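Peer 1: Build me a model:
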Amino acid sequence: MDAIFSGFAVLLFAAVILMIEGAWLWWSGAHGGAARRIAKRLRLMAASADGGSERVDILKRRTYSRHPALEKLLRRVGRLALLDRLLMQAGVRWSVAQFVGCSLAAAMLGLLLPQMLHMPLVPAAGVLLLTLAVPWLVLMRTRGARLRKLEEQLPEAADFLGRALRAGHSFANVMQMVGEEMPEPIAGEFKFAYEEINYGVPMNEALHNLALRVPLTDLRYLVIAVLIQRESGGNLAEVFGNISRLIRARLKLLAQVRVMSAEGRMSAWVLGLLPLGVVALMMVTNPAYIRVLWTDPIGVHLLWYALVVAAGGVLWMRKLIRIRV
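Peer 2: Predicted coordinates:
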């Protein structure tokens, strides 16, 4: 039981750290100061030319569920729109109903497993939190990997757009060419935007939707450049070339920063995992000595204080070694 308690304490600590990190990354990327400024400018520039009059939506709306009754029920929850956007940004085929069902199944597993193993309250709460966090961690990890791949493909896409415009193609046709000739996942995003334009969506709104589906600052700069060019004119091919060079320089600088901060990141991993490793080693070599931490009330309080301080230290070290470029 002591080994099970310590194992779930370690899992609980890792789950809390990952949940805090995921929440911070989502908040800074979606609601940070730079994101709000860019989103505001996109909304202003993507306003309809007819003075904001309503139009009929001829595009197929994303469904939350295949069952109409469940679809109607889920549509009443406004927060699920954020979840649907995360699923769309991750590029997964899960629907909102499937993800919610998976989360509920994980919660049921987290409630039943501690009862089957007769766990104390604290490890049972750790198991529940861990099972609830697993679907979200998988989703955020998938989303992050896809966004990183899109960011790596964006300079080539900007060069492709510039070359095609110099060859005399229209911007809509260039978007179709990107969707047909570039690799996934960036091809699918540009193809979807082109299909929106073909179905009658204004160009500004289609580009705004593209920026919402791919929340990358570099892509938003590209969209803003296109919208400004449509309003005031200019050499759009040259603008794409400049944006491509800027993105490549930023990615190169980011790679250099990662190399130079590798030692600091490794030190942070060692310092973060060292207490857990020491506890595991002492459980094997001298379990009676370490058992006081969860058998004595004072030891339990000290253990919680240690977990809080360790979590704060990990977050502080991450803030020191994470350099935004």
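Peer 1: who's in contact with the residue located most distally from the centre of the chain?
Peer 2: Distance from the C-alpha centroid of the chain, by C-alpha atoms, centre = their mean, peaks at A288 (43.3 Å). Residues counted as contacts of A288 (C-beta atoms under 8 Å, 6 or more residues apart in numbering): none. C-beta: built from backbone N, CA, C; applies to glycine.
Peer 1: secondary structure element for it?
Peer 2: Secondary structure from DSSP states H and E places A288 in helix 287-290.
Peer 1: which parts of that helix are buried?
Peer 2: Within helix 287-290, the residues that count as buried by 16 or more other C-beta atoms under 10 Å are I290.
Peer 1: Now do the residue farthest from the centre of the chain against D296, distance only.
Peer 2: Distance of A288 to D296, given as C-beta to C-beta, to the nearest Å: 12 Å.
Peer 1: for L161, same thing?
Peer 2: 66 Å.
Peer 1: Tell me which of the two has more neighbours.
Peer 2: L161 (26 against 12; other C-beta atoms under 10 Å).
Peer 1: Can you tell me how far the closest residue to that one other than its chain neighbours is from P287?
Peer 2: In space, and not counting its chain neighbours, L161 is closest to F240: 4.8 Å by C-beta to C-beta, 6 or more residues apart in numbering. To P287, F240 is 64 Å away according to C-beta to C-beta.
Peer 1: What of V279?
Peer 2: 11 Å.
Peer 1: Look at R93 and give its secondary structure.
Peer 2: Secondary structure, DSSP: H, G, I helix; E, B strand; the rest coil: R93 is coil.
Peer 1: so what's L113 closest to, chain neighbours aside?
Peer 2: Computed as C-beta to C-beta, 6+ apart, the closest residue to L113 that is not its neighbour in sequence is V127, at 5.8 Å.
Peer 1: do R163 as well
Peer 2: A237 (7.7 Å).
Peer 1: Sticking with R66, tell me its helix or strand.
Peer 2: Per DSSP H and E, there is no helix or strand for R66.
Peer 1: Number of residues surrounding it?
Peer 2: Neighbours of R66 (other C-beta under 10 Å): 10.
Peer 1: Convert stretch 157-171 to CSV, retaining C-alpha atoms only.
Peer 2: Output in CSV follows, covering the C-alpha atoms of stretch 157-171 (Å, rounded to 0.1, in the frame of the first residue of the first chain):
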residue,chain,number,x,y,z
ALA,A,157,3.9,28.1,-48.1
ALA,A,158,4.6,31.9,-48.1
ASP,A,159,7.3,31.3,-50.8
PHE,A,160,4.9,29.2,-52.8
LEU,A,161,2.3,32.0,-52.6
GLY,A,162,4.8,34.6,-53.7
ARG,A,163,6.0,32.6,-56.6
ALA,A,164,2.5,31.8,-57.8
LEU,A,165,1.5,35.5,-57.6
ARG,A,166,4.5,36.5,-59.6
ALA,A,167,3.5,34.0,-62.3
GLY,A,168,0.2,35.8,-62.7
HIS,A,169,-2.3,33.6,-60.7
SER,A,170,-5.1,35.1,-58.7
PHE,A,171,-4.9,34.8,-54.9
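Peer 1: outside of it, which residues touch it?
Peer 2: 173-174, 177-178, 181-182, 186, 190, 203, 222, 226, 236-238, 240-241, 243-244, 247.
Peer 1: Let me know the secondary structure of G200.
Peer 2: Assignment for G200 (three-state DSSP): coil.
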